[in-house]
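Participant: Mind folding the following:
(chains A, B, C and D)
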Number of protein chains: 2
Amino acid sequence: MAERNTKRVTSADVARMAGVSRATVSYVLNDTPHQTISAGTRGRVLDAAASLGYAPSAAARTLRTGRSDVVLCLLPDWPIGSEVGALLTHLSGALARRGLTLAVHPASREDRPISELWKVLTPAAVLAFEEFSFAEITAMRAAGVALVVALVGPARPEPRELHLSQRLVGRLQAEHLAGLGHTRLGYAYPDDDRLRYFADPRLAGTREGCVDQGLAQPEVRTVPLDPATAAEAVTAWRAAGVTAVCAYNDEVAMAVLAGVRRAGLNAPVDLAVIGVDDIPVARLAEPPLTTVTTDQAAVAVHLAGTVEAAIAGRPAPAPVPADVVRVVRRESA
Amino acid sequence: MAERNTKRVTSADVARMAGVSRATVSYVLNDTPHQTISAGTRGRVLDAAASLGYAPSAAARTLRTGRSDVVLCLLPDWPIGSEVGALLTHLSGALARRGLTLAVHPASREDRPISELWKVLTPAAVLAFEEFSFAEITAMRAAGVALVVALVGPARPEPRELHLSQRLVGRLQAEHLAGLGHTRLGYAYPDDDRLRYFADPRLAGTREGCVDQGLAQPEVRTVPLDPATAAEAVTAWRAAGVTAVCAYNDEVAMAVLAGVRRAGLNAPVDLAVIGVDDIPVARLAEPPLTTVTTDQAAVAVHLAGTVEAAIAGRPAPAPVPADVVRVVRRESA
DNA sequence: AAGCGCAACTTACACGTTTAACCCGTTGGG
DNA sequence: CCCAACGGGTTAAACGTGTAAGTTGCGCTT
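Facilitator: Got it, this is the predicted structure:
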């Protein structure tokens, strides 16, 4: 099945065809600075490369330069939804415009430790969501990986773009509900422990928002994606005088809405609900879900800029603007 | 910021420390067949490697062997949801158990053509959803890529695992509705052209199911994710005598449910609905959504086996069993 | 007219592996 | 007693690229 007879076409083939040395081919194709090549030679090399369908071997190039143009993104094993998908798609495009290639690796429990992975790819940078151990970080540094970033997680001196926007999200939820006149808020926390890294900064943002608006701290309840259990939470909230809840994301928000219906009540009159993400089905909820959406394209562009700067050894660009998050107002709040 | 002074530790360092040659190190670490190494030497090499934290350079290995252990998965630019996410996570694990590494690349329009990408990674195999051009396939073959598979797309002689399961999905929807006594079915087709590659096989499966059950062909309507437009579709279906619809996926199904409510009707009494995917919010729908779910873990394992076989030059394993898909019965049908 | 600088190349080495080919005891069989 | 076989290694040649360090020939200055 797999034809193994055909040999790879190398820069030596191109050189032979163009009647020049291999070095010249390399200089032309990479247009190396401070190297002068006559127009005629350059043309012949380009033509030869094109007609042979020459593709430089990344392995050889990486071996030689010690650095590849691959940016490795390590995904944790929690469920990845359409927002992460959109972020990755935009990130891929933004990196591509900078000459970098995104490779995503979805981790899983049966996987080898990630240490195995960056060894294999020799990436220029590694993006992760969870924190690395100190040993891993030094090992990567030693192997020549330029940048190692954990995007969310416990607060640290370094600017963490996604972490920042998570706080903004939570804060915006609180502000929106306060603006509608609600004074006693609830917070619907996800049932999945693996989501803690995302959920905690969002909750922290909501708490900040409450303080700013002069409201009491939110009543936090864990809400699984199950109508019956959600109904219990709804009843408890109402007993505590809560009139509106911020949900961790749209899925949890829809669980709360299902709980409201199950309890024989109506949103938003009995309980207002606001989610996060604006997933496609948010507008199809009963009632249509008010939510906070993030401009993933903008975040991706900024992230790509940060990565590029780090690789080039330049300082990080200005922090991501606050207007990447905004409220999509529908009927649930 | 990035420390560049530390040199990478190579197999020569390990050899020096263990007092053997580089070749011996290689033989020990790969435990090459037909090479006999004494227990003492092996131990010393292993110890040295561990204490130095030796990590073989993938670039050098790939360059030498001409083949890497990376399996590249090219994602199209349509929205990737949690099902694709789950499939990739499982696939990553299944490949890891076979010593292969999954790298996912989310494509985007501003991206370089994919041809640029496999050059960069020198993967052992390439998985894609959409079809490749003939030129691209031959180019990859020439560069030493073992396997090139398009997972869905127009029917072809070769077995396409995902394609197959998409047909099964559509068929199962029709069978379930027929089993409930419905005789006139509708099909809710997605509004996004990019989903055609998935939607067409599903619809084909539903058509087959209708034939098998002795029903008329389904009434196909495109349903965007918008309650008002969905309500029009619902009205039209009812006028045509349709009592149940198969939806392309759970999102479209929830649009239909929203349309039913918007039209002042009730599911499932006025119109039964069945979706595909069992996304997390399916059980939170009003009413909770009956849907067809796929055992992504099983599909992933089978896919990994196919890839492994192709790389080793062995024939593909037995086709994926039919029980990877099953109906999750809730209240909407 | 000698020398200098520069455009336009070429030569040659290094990157870190894998692996075929070779080498040197020791041992067992005929 | 000699040769083959084998265990336990070593040597050296690739793999395809980037790039520092030459090497020409030619036009210009002084």
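Participant: just checking, what packs against the helix or strand harbouring A:Arg261?
Facilitator: Assessed by DSSP states H and E, A:Arg261 sits inside helix A:250-262. Using 3 or more C-beta pairs under 8 Å, 6 or more residues apart in numbering or on different chains; DSSP states H and E as the contact test, the elements touching helix A:250-262 are strand A:185-189, helix A:227-239, strand A:244-247, strand A:272-276. To be clear about C-beta, it is placed using only N, CA and C from the backbone, and glycine gets the same treatment.
Participant: Remind me what the last one packs against, helices and strands.
Facilitator: If contacts are counted by 3+ C-beta pairs under 8 Å, 6+ apart, strand A:272-276 sits against helix A:161-179, strand A:244-247, helix A:250-262, strand A:290-294.
Participant: buried ones in the longest one?
Facilitator: Of the residues in helix A:161-179, those scored as buried under the neighbour-count criterion (16 or more other C-beta atoms under 10 Å in any protein chain shown) are A:161-178.
Participant: Keep only those that also lie close to DNA strand C.
Facilitator: When the buried residues of helix A:161-179 are filtered against DNA strand C using C-beta under 7 Å from any atom of the strand, no residues are retained.
Participant: how about the helices and strands packed on strand A:272-276, which one is nearest B:Ala282?
Facilitator: B:Ala282 sits nearest to helix A:250-262 of all the helices and strands packed on strand A:272-276, at 10.3 Å, using C-beta to C-beta.
Participant: circling back to that earlier point, okay if I get the helices and strands packed on strand A:272-276 as a markdown table plus mean pLDDT?
Facilitator: Shown next, in a markdown table, are these (pLDDT from 0 to 100):
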| stretch | mean pLDDT |
| --- | --- |
| helix A:161-179 | 90 |
| strand A:244-247 | 98 |
| helix A:250-262 | 97 |
| strand A:290-294 | 97 |
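Participant: A:Val223: which of those is closest?
Facilitator: Here helix A:250-262 is closest among these (C-beta to C-beta), at 5.4 Å.
Participant: The closest one vs helix A:161-179, what angle?
Facilitator: 30 degrees (axes from the mean of the first three to the mean of the last three C-alpha atoms, to 10 degrees).
Participant: Extract the C-alpha trace of helix A:250-262 and format it as CSV.
Facilitator: What follows is helix A:250-262, C-alpha atoms only, in CSV (Å, rounded to 0.1, in the frame of the first residue of the first chain):
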residue,chain,number,x,y,z
ASP,A,250,-23.8,28.4,29.4
GLU,A,251,-24.2,24.7,30.1
VAL,A,252,-24.5,25.3,33.9
ALA,A,253,-26.8,28.3,33.1
MET,A,254,-29.0,26.0,31.1
ALA,A,255,-29.1,23.5,33.9
VAL,A,256,-30.3,26.4,36.2
LEU,A,257,-32.9,27.3,33.6
ALA,A,258,-34.0,23.6,33.5
GLY,A,259,-34.1,23.7,37.4
VAL,A,260,-36.3,26.8,37.3
ARG,A,261,-38.8,25.1,35.0
ARG,A,262,-38.7,21.9,37.0
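Participant: can you give me how far that helix is from the chain middle?
Facilitator: Remark: helix A:250-262 is offset 26 Å from the chain centroid, using C-alpha atoms, centre = their mean, to the nearest Å.
Participant: Could you chop chain A up by domain?
Facilitator: A:11-56, A:67-159+A:298-320, A:161-295 (automatic domain parsing).
Participant: would TSV of the helices and strands packed on strand A:272-276 with distance to DNA strand D be doable?
Facilitator: TSV is the format used below for these (distance: least, C-beta to the nearest atom of the strand, whole Å):
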stretch	distance to DNA strand D
helix A:161-179	30
strand A:244-247	50
helix A:250-262	46
strand A:290-294	38
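Participant: now those in CSV, with distance to B:Ala128?
Facilitator: Formatted as CSV, those follow (distance: least, C-beta to C-beta, whole Å):
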stretch, distance to B:Ala128
helix A:161-179, 29
strand A:244-247, 36
helix A:250-262, 30
strand A:290-294, 29
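Participant: Need the per-residue pLDDT for the closest residue to A:Gly99 other than its chain neighbours.
Facilitator: Excluding the flanking residues, the one nearest A:Gly99 by C-beta to C-beta, 6 or more residues apart in numbering or on different chains is A:Asp69, at 6.1 Å. pLDDT for A:Asp69: 82.
Participant: Between the helices and strands packed on helix A:250-262, which one is closest to A:Val28.
Facilitator: Closest among these, using C-beta to C-beta: strand A:272-276, at 50.8 Å.
Participant: Can you tell me how far the most centrally placed residue in chain A is from chain B?
Facilitator: Note on chain A: the residue nearest the mean C-alpha position is A:Leu87, at 5.0 Å, using C-alpha atoms, centre = their mean. Separation of A:Leu87 from chain B (C-beta to the nearest C-beta, to the nearest Å): 9 Å.
Participant: In contact with the closest residue to A:Leu88 other than its chain neighbours, which residues?
Facilitator: With C-beta to C-beta, 6+ apart as the criterion, A:Leu88 has its nearest non-adjacent residue at 4.7 Å, and that residue is B:Pro106. For B:Pro106, the contact set (C-beta atoms under 8 Å, 6 or more residues apart in numbering or on different chains) comprises A:85, A:88-89, A:91-92, A:102, A:104, B:75, B:77, B:80.
Participant: As a markdown table, those residues with neighbour count, distance to B:Arg314 and pLDDT would be great.
Facilitator: As requested, the contacts of B:Pro106 are exported to a markdown table (neighbours: other C-beta atoms under 10 Å in any protein chain shown; distance: C-beta to C-beta, whole Å; pLDDT from 0 to 100):
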| residue | neighbour count | distance to B:Arg314 | pLDDT |
| --- | --- | --- | --- |
| A:Gly85 | 21 | 34 | 87 |
| A:Leu88 | 23 | 33 | 90 |
| A:Thr89 | 25 | 35 | 89 |
| A:Leu91 | 26 | 37 | 90 |
| A:Ser92 | 28 | 33 | 88 |
| A:Leu102 | 29 | 32 | 87 |
| A:Val104 | 25 | 29 | 88 |
| B:Leu75 | 22 | 27 | 85 |
| B:Asp77 | 16 | 33 | 76 |
| B:Ile80 | 22 | 31 | 78 |
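Participant: Looking at these, which is nearest DNA strand D?
Facilitator: Set against DNA strand D, the nearest of the contacts of B:Pro106 by C-beta to the nearest atom of the strand is A:Leu102 (20.3 Å).
Participant: For the closest one, list the residues it contacts.
Facilitator: So A:Leu102 contacts A:70-71, A:73, A:88, A:91-92, A:95-96, B:105-106 (C-beta under 8 Å, 6+ apart).
Participant: surely A:Val9 meets A:Ser57?
Facilitator: No - applying C-beta atoms under 8 Å as the test, A:Val9 and A:Ser57 come out as separate, 10.0 Å apart.
Participant: Pick out whichever of the two has more residues nearby.
Facilitator: Using other C-beta atoms under 10 Å in any protein chain shown, the more surrounded residue of A:Val9 and A:Ser57 is A:Ser57, with 22 against 18.
Participant: Could you check how far that one is from DNA strand D?
Facilitator: Note on A:Ser57: its distance to DNA strand D, by C-beta to the nearest atom of the strand, to the nearest Å, is 4 Å.
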